[in-house]
Each structure stands twice: as C-alpha cells, then as structure tokens.
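> what shape does this take:
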Amino acid sequence: MARKLKDVSVLHGHHVVTGPELRATFEAAGDPDDPARLRRRVVHGVVLVLLLGLIVGAIITAVAIVSGQLRIPATEASDEPASICPGATFDYTPPEQINLNVYNSTSRPGLARTVADDLLGRKFVVGAVANTDAGYRGVAAVVSGAAGQSAAFSVQRNVPGSDYFQDGRTDASVDLILAGDYQALAAADQVDQTPGPLSCPRESRRIADDAKWPVIPTAGPTP
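Numbers count the residues shown, from 1 in each chain. Model (predicted):
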C-alpha cells in the first residue's frame, strides 16, 4: 500500500505561512510609492554613504600617519624667553634704594662709566659697570626681576625712551643696558616722579638678534 504524503503546509490543523506569502502580504499592505517610505530609504542611503566615507577617511589618515606622510602638530616648549610687561602702576622709588648695574652695548668707549658716574651723582647705588654684547637696539634696556619692577620704573624715568624687560632674578637689582640710540639721561631736576607703568618694547622692532637676548650681560674689558 502506498504511504500517504503529509501536507507540510498544515500543522495541527493550522495553515503554515511561508516566506513568499508573508512578503506578499506586507507588499500588499504597503504602498511602494508612499512618500514616507521613500524618505526613509533616502535617509538610510545617505547615512550609509556617510558612514562608508568616514571609515575610508579614517583608514587613509591612519595609513598616512603610520607611513610618516602626515604629522600631527605638537606643542613644543620655546627656548626664547617670554617677554613680560607688567600692567601695574608703580611709585617712584628713591634712587638711594636702587642697586643698579650699568652696561655699554654700543661701540662708544667709556659710555657705561660716564653714565654710571652721572647716576652716582643722583644717589643711585651703582654696582657693576662693564661692556656687554646684546641683541637689543633702541635707547636702553632696563632689566629686572619681579622684585625690582618698581626700581626699574624709577630707572626708566631717568632714561627717556628706554624699554623694560623682565628676567628670572629673585633680588631687586636692576640692569641698565645702553644701546645705539642712547643720547643722554633726563635732566636731574626734570625727572617725572609721579606714579606710572613700565614702558615695554615692541619686540619685532627692538630685537635685532633673537640668539642674543638683551637681558644677559657679558662683561668686556673696557666699560
């Protein structure tokens, strides 16, 4: 007797829905020209393209970095001293309270000694008197640490047109570096002693040689 084949489309008395039937049911329920469905398809396509673009771009960038063709810029510490211009207002410090060193960075022999003697006559406490090799050009550079800013202000009032520089010293001493444009001190009886700020330079015009920062004097044989 031939064995009767079992109908696989019926399970426990219920019809089994096949894949093609399910797909046909959804297609019949939805309008393929529905604007909302079209927008979703477009959005999905754009997102897919952007993702692919990002992945490809990341791969290309990684390969370029590994091969050395692309370098990521890094912040490096500069060897050039920072130029600091205090914004405070300073009172005029009496000259007898100021320890001052005088340096000549010009080709005029004896200039440091002459100016130092004039400043001694104004009761400044003069220490070192020497030549120096500095990359500064202008009238004169007045140099101090943070503790000597008020004293530097008083020195500037005696040297019209001078520029202030700050270095890392911890005492209140001041260096006066005479440069090529120096002519003379302000008349002793006309020195402005009212409070005011320090006068700082425009480095692009005042620094002639970046390798020779003007705040480091080097003693020479004849002041």
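> tell me where this structure has strands.
Secondary structure of the chain, counting by DSSP state E: strands at 10-11, 14-15, 99-104, 125-131, 140-144, 163-166, 174-178.
> if you rank every helix and strand of the chain by mean pLDDT, what lands last?
helix 203-206 (a mean of 48; mean pLDDT, DSSP states H and E).
> how long is stretch 161-172 end to end?
Start and end residues of stretch 161-172 are separated by 22 Å (CA to CA, to the nearest Å).
> so which bits of that stretch are buried?
By 16 or more other CB atoms under 10 Å, the buried positions in stretch 161-172 come out as S162, D163, Y164, F165, Q166, D167, R169, A172. To be clear about C-beta, it is placed using only N, CA and C from the backbone, and glycine gets the same treatment.
> including pLDDT and distance to N104, could these go into CSV?
Listed next are these as CSV, based on pLDDT from 0 to 100; distance: CB to CB, whole Å:
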residue, pLDDT, distance to N104
S162, 94, 14
D163, 92, 16
Y164, 92, 19
F165, 89, 17
Q166, 89, 22
D167, 87, 19
R169, 90, 20
A172, 96, 23
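> got CSV for the residues you listed, with distance to G127 too?
Shown next, in CSV, are these (distance: CB to CB, whole Å):
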residue, distance to G127
S162, 18
D163, 21
Y164, 19
F165, 18
Q166, 19
D167, 16
R169, 13
A172, 12
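> tell me which of the residues you listed is nearest to S150?
Using CB to CB, A172 is the member of those that sits closest to S150, with 8.1 Å.
> show me what contacts the nearest residue to that closest one once chain neighbours are set aside?
Among residues not flanking A172 along the chain, G148 sits closest, at 4.1 Å (CB to CB, 6 or more residues apart in numbering). Neighbour list for G148: R169, D171, A172, S173, V174 [criterion: CB atoms under 8 Å, 6 or more residues apart in numbering].
> so which of those residues comes closest to F153?
The closest of the contacts of G148, once distances to F153 are taken by CB to CB, is V174, at 9.5 Å.
> report the beta-bridge partner residues of the closest one.
Note on V174: beta-bridge partners L100, S144, judged by DSSP bridges.
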